[in-house]
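S.K.: Any chance you can model this:
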Amino acid sequence: MLCNEEAGWGFSADDLRMHVERAGHTVLGVAKRYDDRTPLPEGLDLVVAAGGDGTVAVGAAVASRTSAPLALLPLGTANNIGSSLGVKAPVPELIAAWPTARRVPFDLGCARARSHTWLVVEGVGGGLMPAGIARAKATQKHREDMTPAAEVAAAVQAFRDALEDLKPRPWTLTIDGRQISDEFLLVEALNIRSVGPNVVFAPDASSCDGYFDVILAQECHREALVTYFAHRAEGRDTRLALPRHRARDVVIAGCTELHIDDERVDAREVGEISIRIDPAAITVLM
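M.R.: Presented below is the predicted three-dimensional model:
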């Protein structure tokens, strides 16, 4: 079991172990970090990721090394992966449902640039997302006492502020062999519906269809983005419609900064980045 005790809802590893064992399961081990060189325990038949999206991504990496399915206990602030899968019940209910839960395939992505390789669970992109992540982290110290919902709202506002300062930049994309060169506010190759603070760029995305949803926004889409973030910050239901392409392979060139899931990457150091989908790479309990 992977557990991030600092996630938004603050469950301790001992509390989670108690809930899991009370439901009749045997916990082979609890880890706060994972190194892919570490041997996995024998008899592993379920990988549990208790925490935010970063912890779930680590759980996906573990599951990709085994035949064991991944069970999510979304305890973070945004919980993009859990929300996209509809995994939202309280922890005791989720654990109780494991024996009868559906096992569904889940695609993973692989990003490569020079000698670097990354596992992709949420998505890869540039422009608004890394700018918003930077702005949100710069103001995070002022949100320590907020509830997870209030923290998401504050992060959405930070993304809206970042959008005000953002200028379109020239990029070249290759989407399943087809090249597109233009100026963009954002480019996202997404495996799930949302990224960042529950920013739903791809409302129709599926994590088990064998494709990325490639979302593009240019200057002509700025007003729609501003309206979307304003409505989100006010807690209103809203939907964003941006140009969308479906692809198995994407190459992004010309970007200065990228994000891979929630990690910012200096594209000037790694250069052109290619992203490939790995259909049904793991199985997830729902």
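
S.K.: Counting by contacts, list what the helix or strand of the chain with the lowest mean pLDDT packs against.
M.R.: Ranking every helix and strand in the chain by mean pLDDT, DSSP states H and E puts helix 267-270 at the bottom, with a mean of 84. Here helix 267-270 touches strand 257-260, going by 3 or more CB pairs under 8 Å, 6 or more residues apart in numbering; DSSP states H and E. Using the backbone N, CA and C atoms, a C-beta is placed for each residue, glycine as well.

S.K.: Pull the residues that contact the strand it packs on.
M.R.: 111, 118, 120, 124-126, 129-131, 133, 195, 252, 264-268, 273 (CB atoms under 8 Å, 6 or more residues apart in numbering).

S.K.: ranges for the helices of the stretch 1-150 of the chain?
M.R.: Taking DSSP state H, counting those that start in this stretch, the helices of the stretch 1-150 of the chain run over residues 13-22, 53-63, 80-85, 91-96, 128-138, 148-165.

S.K.: possible to save these as a markdown table with distance to residue 204 and mean neighbour count?
M.R.: Below are those laid out as a markdown table (distance: least, CB to CB, whole Å; neighbours: other CB atoms under 10 Å):
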| stretch | distance to residue 204 | mean neighbour count |
| --- | --- | --- |
| helix 13-22 | 33 | 16 |
| helix 53-63 | 20 | 23 |
| helix 80-85 | 11 | 24 |
| helix 91-96 | 25 | 16 |
| helix 128-138 | 19 | 20 |
| helix 148-165 | 21 | 18 |
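
S.K.: ok so, going back, buried residues, the least confident helix or strand of the chain. List them.
M.R.: For helix 267-270, burial by neighbour count (16 or more other CB atoms under 10 Å) applies to 267, 270.

S.K.: what does stretch 198-212 give?
M.R.: Using 16+ other CB under 10 Å as the test for burial, stretch 198-212 gives 198-202, 205, 207, 211-212.

S.K.: Lovely, talk soon.
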